[in-house]
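Chemist: Mind looking at a prediction? Sequence and model below.
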Amino acid sequence: MLRVSCKKFLGLGVQQQQPNSLKPFQSLVRFYHERVVDHYDNPRNVGSFDKNDPTVGTGLVGAPACGDVMKLQIKVDDSATEWVKGKQMEEVLTIRNTEIAKHLSLPPVKLHCSMLAEDAIKAAVKDYEAKRAKTVTSDSATPAEKTAQA
């Protein structure tokens, strides 16, 4: 329902019942760069991982009061998202909102979206590293310590 409403608002995939004289106005309805529209029309790397999985990092950032919220999860293996896929952790942490905004040709009023993406990436990596440290600590415990923890 939300996708249909947004498509109608953006003028995407909706058959217009307007006379030909109004066609120039249809191009004004598209506020977003074609890359943004492509990601909207063809979602990829979507879904959720188990947040308790030690190979998953979850970042939840934004301001729920105004509706600007982003949840990003990383699974440290071969199935990651486009800009993160195949990169080392150090490289992932160097991704900046300015790169994201430039790649998607975001207008100035939408730069906060790229900031959310950068923050979500960092939060997901931090969550993953915290889980990894916890797993390494419990794996290095002696059998007696493991029994005591159980």
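Modeler: Okay, I see it.
Chemist: what is the residue lying closest to residue 128 once chain neighbours are set aside paired to in the beta sheet?
Modeler: Counting by CB to CB, 6 or more residues apart in numbering, residue 57 is the residue found nearest to residue 128 once chain neighbours are left out, at 2.7 Å. (Each C-beta comes from the backbone N, C-alpha and C, glycine too.) Using DSSP bridges, the bridge partners assigned to residue 57 are residue 74.
Chemist: Could you find the closest non-adjacent residue to residue 115?
Modeler: Spatial nearest neighbour of residue 115, chain neighbours left out: residue 97 (4.6 Å); criterion: CB to CB, 6+ apart.
Chemist: Could you do residue 101 as well?
Modeler: residue 114 (4.0 Å).
Chemist: show me the contacts for the one you found.
Modeler: Residue 114 makes contacts with 97, 98, 100, 101, 104, 106, as judged by CB atoms under 8 Å, 6 or more residues apart in numbering.
Chemist: host element of the fourth one?
Modeler: What it means is residue 101. Per DSSP states H and E, residue 101 falls inside helix 97-104.
Chemist: immediately after that helix, which helix or strand?
Modeler: Using DSSP H and E, the next helix or strand after helix 97-104 towards the C-terminus is helix 111-139.
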